[in-house]
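Chemist: Curious how this folds, go ahead:
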Amino acid sequence: MISNLRFSSMYVYYSLDREGFIEQLCENKDKPELNCNGKCMLMQMLRAQAEDDEPLPVIGWEEVLVFFMELPSYNLPSSNENETNPFYYTDFYSYHFSDTLIKPPMV
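Modeler: Alright, predicted model coming up:
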C-alpha cells in the first residue's frame, strides 16, 4: 500500500512539474535524443511497484476466533396505561357567539 502511495505521489509530481521531475529524477538527461521526458523513471518505478506487491495473506476460517457472550437482561418497569396524568391542560377560553350579536333598536 505504501508503494502505491509512493508511485501515486511521484506521478502527481510528474504531472504538475514535469521539468522539475526530469531535472531531479530522469536518468537520461544527458541523452536528449531519446525524448523520454522522465518516463524512464516512471516506468522503472512502476516495475519496482509490481515486483514489490505481494499478495495479502488470506485468513482461513479456522484461524478466526469466534466467541459468544451472554448479555445482561434489563427489566424495565411496565407502563401503567390506566394511570391518570397528574399534569393536565385546562382550557379557560370561551367564546359566546350570542354576546356579540348587536340587537337592533326597538321602535
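Chemist: can you give me the helices for this protein?
Modeler: Assignment of helices within the chain using DSSP state H yields the ranges 2-16, 18-25, 39-52.
Chemist: want to throw these into CSV with mean pLDDT, distance to residue 78 and mean neighbour count?
Modeler: For glycine as for every other residue, the C-beta is placed from the backbone atoms N, C-alpha and C. What follows is these, written out as CSV (pLDDT from 0 to 100; distance: least, Cβ to Cβ, whole Å; neighbours: other Cβ atoms under 10 Å):
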stretch, mean pLDDT, distance to residue 78, mean neighbour count
helix 2-16, 71, 58, 13
helix 18-25, 75, 73, 14
helix 39-52, 75, 64, 14
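Chemist: now for these, which one comes closest to residue 94?
Modeler: Evaluated with Cβ to Cβ, those place helix 2-16 nearest to residue 94, the distance being 76.3 Å.
Chemist: about what we covered before: which of the helices of the chain sits closest to residue 93?
Modeler: Comparing those by their distance to residue 93 (Cβ to Cβ), the top pick is helix 2-16, with 70.8 Å.
Chemist: Could I get the pLDDT score of residue 95?
Modeler: As predicted, residue 95 sits at a pLDDT of 74.
Chemist: picking up where we left off before, please identify which of the helices of the chain is closest to residue 71.
Modeler: With Cβ to Cβ as the measure, helix 2-16 is the member of these nearest residue 71 (40.5 Å).
Chemist: want to throw the helices of the chain into TSV with distance to residue 107?
Modeler: As requested, the helices of the chain are exported to TSV (distance: least, Cβ to Cβ, whole Å):
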stretch	distance to residue 107
helix 2-16	101
helix 18-25	107
helix 39-52	110
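Chemist: List just the one of these that sits closest to residue 101.
Modeler: For these, the distance to residue 101 is smallest for helix 2-16, at 84.9 Å, taking Cβ to Cβ.
Chemist: residues contacting residue 11?
Modeler: With contact taken as Cβ atoms under 8 Å, 6 or more residues apart in numbering, residue 11 is in contact with residue 42.
Chemist: and what of residue 87?
Modeler: With contact taken as Cβ under 8 Å, 6+ apart, residue 87 is in contact with no other residue.
Chemist: ok, so what distance separates it from residue 74?
Modeler: Separation of residue 87 from residue 74 (Cβ to Cβ, to the nearest Å): 27 Å.
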